[in-house]
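# this one's structure only:
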């Protein structure tokens, strides 16, 4: 339009099917014009007529070119990064597929290998990046703790000897655990831990599902998911993989699984540092309870005979009661309002669980991280 007269404005709007009273339509037309300029499209259906308009559009052209070029460069970088990772995966998969075809492996095996390699590579890249960030010596401690808290999420939420700890100690200890842990991957139906083997490390599930079964009859007990832990009882001397729940059990993957494995010796080495003395004292109390329970069982066996000691709750009942107690204690440590509910739940628990005592370690939080539960698992 050549002027700002109402007649010219109305004619301009009417030529584009917009009424003067249609404010939203006018704004949409303005946005449309701005987008065509900044995206460097320029259809030419709207163009400047005066010197001032041409000067304004010249500035918009420069800004639009810079902005559009920056956006395209960022998108290109993201796409190249994604393509680079995919090419690396494809290259590794191609090597395996070539080998399998030379060996005459069936197509079904090739597809399984392809799915497994993609799963493995994705998780391994994430794990490696987390370790590199936390191990950076140039990163200040407060930033490292904040990053550890963000990277871990709920991964270390259920570690028994960290429940109820000061947040700073918990975050720093968890960061040290991540640096010492080893990431392992398991295919479906793979056995993570057998009841016949002694527990020498702590497992934390990162991704996937793991089922817990009794050793002999193979009865199903529970499905473990992200953040669930087993093998931690080895810290206090109980070498059963499911010792924290009072039984012996076998752990098997029900899906593709990614777990972090922490050797018990490495955990004890971290606890020796002066800043983690509170964690060390908590674990030592648990070891003291465990050793006392062992002594009580041996003394009772010598006094009353093995038959008296063998009277016990079934493994399923033992597992159910101790799992319930662990959950109640977890709530206790995270909510003051749950104290009354925990007290009400522990009383019937003590009444029903009356068989002869035997060594077991239960986990908890707050001031009582390790409790004795009566059973003979």
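The structure has been received and is ready for your questions. Because the structure is a prediction, the values reported are computed rather than measured.
# who touches stretch 21-30?
Residues from elsewhere that reach stretch 21-30, judged by Cβ atoms under 8 Å, 6 or more residues apart in numbering: 13, 16, 18-19, 46. No exception for glycine: its C-beta is placed from N, CA and C like everyone else's.
# ok, now with 6 Å
With contact meaning Cβ atoms under 6 Å, 6 or more residues apart in numbering, stretch 21-30 is reached by residue 18.
# residues in contact with residue 249?
Counted by Cβ under 6 Å, 6+ apart, residue 249 has contacts 195, 212, 242.
# Helix, strand, or coil at the first one?
Taken by DSSP: H, G, I helix; E, B strand; the rest coil, the conformation at residue 195 corresponds to coil.
# Low-confidence ranges, the stretch 51-200 of the chain, go.
For the stretch 51-200 of the chain, the stretches with pLDDT under 70 are 82-86, 88-89, 144-145, 148-154.
# thinking again about what came up before, quick check, nearest of the contacts of residue 249 to residue 159?
residue 242 (16.1 Å; Cβ to Cβ).
# Please name the nearest non-neighbouring residue to the closest one.
residue 249 (3.9 Å; Cβ to Cβ, 6 or more residues apart in numbering).
# ok, now residue 147?
Residue nearest to residue 147 in three dimensions, not counting chain neighbours: residue 133, with 6.0 Å by Cβ to Cβ, 6+ apart.
# What of residue 92?
Nearest residue to residue 92 in three dimensions, chain neighbours excluded: residue 117, at 5.8 Å (Cβ to Cβ, 6+ apart).
# Surely that neighbour touches residue 93?
Yes: Residue 117 lies in contact with residue 93 (Cβ atoms under 6 Å); the separation is 4.8 Å.
# what about the helices in the chain?
Using DSSP state H, the helices of the chain run over 6-14, 23-38, 51-102, 107-134, 141-152, 167-180, 264-271, 277-304, 306-310, 315-334, 339-352.
# so what's residue 221 up against?
Listed by Cβ under 6 Å, 6+ apart, the contact partners of residue 221 are 212, 319.
# how about 7 Å then?
Residues near residue 221 by Cβ atoms under 7 Å, 6 or more residues apart in numbering: 212-214, 249, 316, 319.
# And residue 181, by the same measure?
Contact partners of residue 181, counting by Cβ under 7 Å, 6+ apart, are 260-262.
# Among these, name the ones in strands.
Using DSSP state E, the subset of the contacts of residue 181 located in strands is 260-262.
# Take the residues you listed and lay them out in a markdown table including pLDDT, distance to residue 173 and neighbour count.
Shown next, in a markdown table, are the ones in strands among the contacts of residue 181 (pLDDT from 0 to 100; distance: Cβ to Cβ, whole Å; neighbours: other Cβ atoms under 10 Å):
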| residue | pLDDT | distance to residue 173 | neighbour count |
| --- | --- | --- | --- |
| 260 | 89 | 14 | 21 |
| 261 | 91 | 17 | 17 |
| 262 | 91 | 11 | 21 |
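# All set, thanks.
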